[in-house]
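Chemist: Starting from these lines, generate the structure:
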Amino acid sequence: MNVRRFQNLCGALNWVLKFMALVAVVSIFVKISSYLNGTFEVSRDSSLGFALIGSSSGSLAKFTNSQIGLAQITAESFGLFVAAILLFIGSNVLLDIWLEKTPFSEKQTRRLTIISFGIILLALIQEPLYSIILSFASPNANFFSFKIGEMFIFGLLMLCMTGMFKYGMALQKLSDDTV
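Modeler: Okay, here's the model as predicted:
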């Protein structure tokens, strides 16, 4: 693949990520409005998603659909908000490549580090946030859930890729000094 074609692909993906960030923000408002209108589908599953490692204590049977819905809306909206921010930051990485700026810069590695830690943070916080809100919604019932899923692994892989970009940045500096 030649460089110009790669830059054009980055430009197109930049717009795709910006659109996805916008969809995530709109989804937050749709979820909140559906909850307020009473049309939100409440899931009585004890977790928000797939887990590689995890545990939960307590039962959802003691909670009302309204309490579970509030916890789901809050945790999912938090996740969508963080995802929108990370997608926007990722689109800026691609935008700079499209504008013929080097991917091996301090600015890009800082962005990739923010994305990596954001994904890891989201993977670690979203499920306990759901549990904490659910437990606060009903003082008579306790529930706690913690899961580590594929997003955590993806965040770690992104963090490793950030290290590769830092190494590439050092190589480019060495190359520039040689020339």
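
Chemist: Scan the helices and strands of the protein for the one with the lowest mean pLDDT.
Modeler: strand 53-58 (a mean of 62; mean pLDDT, DSSP states H and E).

Chemist: Export only the CA atoms of stretch 65-75, formatted as CSV.
Modeler: Backbone C-alpha positions of stretch 65-75 (Å, rounded to 0.1, in the frame of the first residue of the first chain) are rendered in CSV as follows:
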residue,chain,number,x,y,z
ASN,A,65,-37.3,-2.9,37.2
SER,A,66,-37.0,0.9,37.8
GLN,A,67,-33.9,0.5,40.0
ILE,A,68,-32.2,-1.9,37.6
GLY,A,69,-33.1,0.4,34.7
LEU,A,70,-31.6,3.4,36.5
ALA,A,71,-28.4,1.5,37.1
GLN,A,72,-28.2,0.2,33.5
ILE,A,73,-28.9,3.6,32.0
THR,A,74,-26.3,5.3,34.2
ALA,A,75,-23.5,2.7,33.6
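
Chemist: Just the buried positions in it, please.
Modeler: 67, 68, 69, 70, 71, 72, 73, 74, 75 (16 or more other C-beta atoms under 10 Å). In short, each C-beta sits where N, CA and C put it, glycine included.

Chemist: From these, pick the one nearest residue 5.
Modeler: residue 75 (40.6 Å; C-beta to C-beta).

Chemist: Excluding sequence neighbours, find me the nearest residue to the spatially most central residue of the chain.
Modeler: Of all residues in the chain, the one closest to the mean position by C-alpha atoms, centre = their mean is residue 83, 3.7 Å from it. Closest residue to residue 83 apart from its sequence neighbours, by C-beta to C-beta, 6 or more residues apart in numbering: residue 24 at 5.1 Å.

Chemist: gap between that neighbour and residue 72?
Modeler: 16 Å (C-beta to C-beta, to the nearest Å).

Chemist: Ok, residue 150 next?
Modeler: 20 Å.

Chemist: cool, and residue 165?
Modeler: Taking C-beta to C-beta, one finds residue 165 at 36 Å from residue 72.

Chemist: Same check on residue 173?
Modeler: 48 Å.

Chemist: the helices in the chain, which residues?
Modeler: Counting by DSSP state H, the chain has helices at residues 3-37, 65-98, 106-137, 150-178.

Chemist: can you tell which of those is closest to residue 143?
Modeler: Closest among the helices of the chain, once you apply C-beta to C-beta, is helix 106-137, at 5.2 Å.
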